[in-house]
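In: Could you look at this predicted model? Sequence included:
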Amino acid sequence: MLDVSLVGTGGMMPMPQRFLSSMLLRTNGNLLLVDCGEGTQVSLKNIGWGFKNIDAILFTHFHADHIAGLPGMLLAIANSGRTKDLKLFGPKGLIFIVEGLRRIAQELPFNIVYTELDDDKKSLFSIDGVDITAIGSKHSVRCLAYCFEIKRKGRFDVEKANALKIPKNKWSILQKSGKLDFNGKTYTSDMVMGKNRKGIKLTYCTDSRPFPALTSMAENSDLFICEGMYGEDEKKPKAIENKHMLFSEAAKMAKKANVKELWLTHFSPSLSEPSEFIENATDIFENTVVGTDGMKKRILFEEQ
């Protein structure tokens, strides 16, 4: 399973009713944070999942509303008692930006491990059993969109094991180690497993114009979290100029990508009541939700 929470849903500047856009994922007790604008640690405190188990922070880009809260976040993680390495991922320039911010958060009980991602090509990596894809998005600076997947192997196929004449008392060895040497032969787990089962998939994008590669990456996602900077279709010229997105544009991508659910986030400070424009999205993709700070969802495997 995968737990997801919108830490904040605002864009550009924090507002009295919403903090800046950020997302928190939890799986097997481990936490992954995406973006860290000013005040993010306050929002995380309200969510209540803690700080110590944040294994990685992934940045979409380096505008202040997505990274200016990092010094305080590092200190909050330090105060939680964490000593394990903390991984940071982001576009090129990550090390330069973070080392500058760390001048006010220098003494930390853990090491920071940096990974700079190329926004010109797809990046693939894994953290805590979650497979992550990063691609460059269409913003005014280098910016990344992320896809998170928990994949599932097929079930152990008894008929295949029996056909290979593998004794029952050896099955658990093969399942756990993935390899079995028996009677002069080597067996691998793929020889006795059924087809891969459906896993969990979540796609996240803020600060971007729509683009085909994002739709492709989001295909069949259980949840697509996408920016909706502007609710009104009349704001399209402004969205194009500032390289942001309309509610209706996010909904069109969700529909084309055949996702299960769309959450809108990263609202303009001028958009005081995003729900007033929700029909601009739901008329296109019905299962659209206006994101709110602290909003949570547990995504289960289909069998659960």
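Out: Structure's in. What do you need?

In: Tell me how far the lowest-mean-pLDDT helix or strand in the chain lies from the chain's centre.
Out: Ranked by mean pLDDT, DSSP states H and E, the weakest helix or strand in the chain is helix 171-177, scoring a mean of 78. Centroid displacement of helix 171-177 relative to its chain, using Cα atoms, centre = their mean, to the nearest Å, is 32 Å.

In: Please apply the same query to stretch 181-197.
Out: With Cα atoms, centre = their mean, you get 33 Å for stretch 181-197.

In: Let me know how buried Glu302 is, in neighbour terms.
Out: Residues lying near Glu302 (other Cβ atoms under 10 Å) number 10. For every residue, glycine as well, the C-beta is placed using N, CA and C.

In: Nearest residue to it in space, please, no chain neighbours.
Out: Distance criterion Cβ to Cβ, 6 or more residues apart in numbering; nearest residue to Glu302, sequence neighbours excluded, is Lys198 at 5.3 Å.

In: What lies in contact with the host helix or strand of the one you found?
Out: Using DSSP states H and E, Lys198 sits in strand 197-205. Strand 197-205 has contacts (Cβ atoms under 8 Å, 6 or more residues apart in numbering) with 1-2, 4, 23, 25, 34, 60, 137, 145-155, 214, 217-218, 220-227, 257, 259, 299-303.

In: now Lys256, nearest residue through space, not along the chain?
Out: Looking at Lys256 with Cβ to Cβ, 6+ apart, the closest residue is Thr215, at 5.3 Å.

In: I misspoke; the intended subject was Asn111.
Out: The shortest distance from Asn111 to any non-neighbouring residue, by Cβ to Cβ, 6+ apart, is to Asp85 (4.8 Å).

In: so how many other residues sit close to the one you found?
Out: Using other Cβ under 10 Å, Asp85 is surrounded by 11 other residues.

In: again with Ala134
Out: 24.

In: now do Pro109
Out: 12.

In: ok, it to Gly81 distance?
Out: Separation of Pro109 from Gly81 (Cβ to Cβ, to the nearest Å) stands at 8 Å.

In: What of Phe110?
Out: From Phe110 to Gly81 the distance is 10 Å (Cβ to Cβ).

In: For the residue nearest to Asn111, grab phi and psi.
Out: The phi/psi pair for Asp85 (degrees, to the nearest 10) reads phi -60, psi 140.

In: The one 4 residues further on too?
Out: Dihedral pair for Phe89: phi -130, psi 150, per degrees, to the nearest 10.

In: partner strands of whatever helix or strand comes next after the least confident helix or strand of the chain, parallel or antiparallel?
Out: Sequence-wise, the next helix or strand downstream of helix 171-177 (DSSP H and E) is strand 179-182. Applying DSSP bridges, strand 179-182 is found paired with strand 185-188 (antiparallel).

In: what about the helices in this structure?
Out: 40-47, 64-67, 70-79, 94-101, 158-163, 171-177, 212-218, 236-242, 247-257, 279-282 (DSSP state H).

In: dump the residue contacts of the residue nearest to Asn111.
Out: Asp85 makes contacts with Phe110, Asn111, Ile112, Val113, as judged by Cβ under 8 Å, 6+ apart.

In: repeat for Asp118
Out: Neighbour list for Asp118: Lys92, Gly136 [criterion: Cβ under 8 Å, 6+ apart].

In: my read: Asn258 touches Asn220, true?
Out: Yes - in terms of Cβ atoms under 8 Å, Asn258 counts as a neighbour of Asn220; the distance is 5.6 Å.

In: what residues are shared contacts of the two?
Out: What both Asn258 and Asn220 touch, as defined by Cβ under 8 Å, 6+ apart, is an empty set.

In: Contact partners for Ile150?
Out: Counting by Cβ under 8 Å, 6+ apart, Ile150 makes contact with Leu2, Thr27, Gly129, Val130, Asp131, Gly199, Ile200.

In: residues near the spatially closest residue to the fifth one that is not a sequence neighbour, how many?
Out: Across the structure, with Cβ to Cβ, 6+ apart as the measure, the residue nearest Asp131 apart from its sequence neighbours is Glu149 (4.6 Å). The local packing of Glu149 (other Cβ under 10 Å) involves 18 other residues.

In: same check, this time on Met193
Out: 18.

In: Name the nearest residue to it, sequence neighbours excluded.
Out: Gly154 (4.5 Å).

In: Arg26 too?
Out: Asp3 (4.1 Å).

In: still on that earlier bit, now do the residue nearest to Lys256 against Phe277, distance only.
Out: 22 Å.

In: Can you pick out the residue with more neighbours from these two?
Out: Between Thr215 and Phe277, Phe277 has the larger neighbour count (other Cβ under 10 Å), namely 22 against 19.
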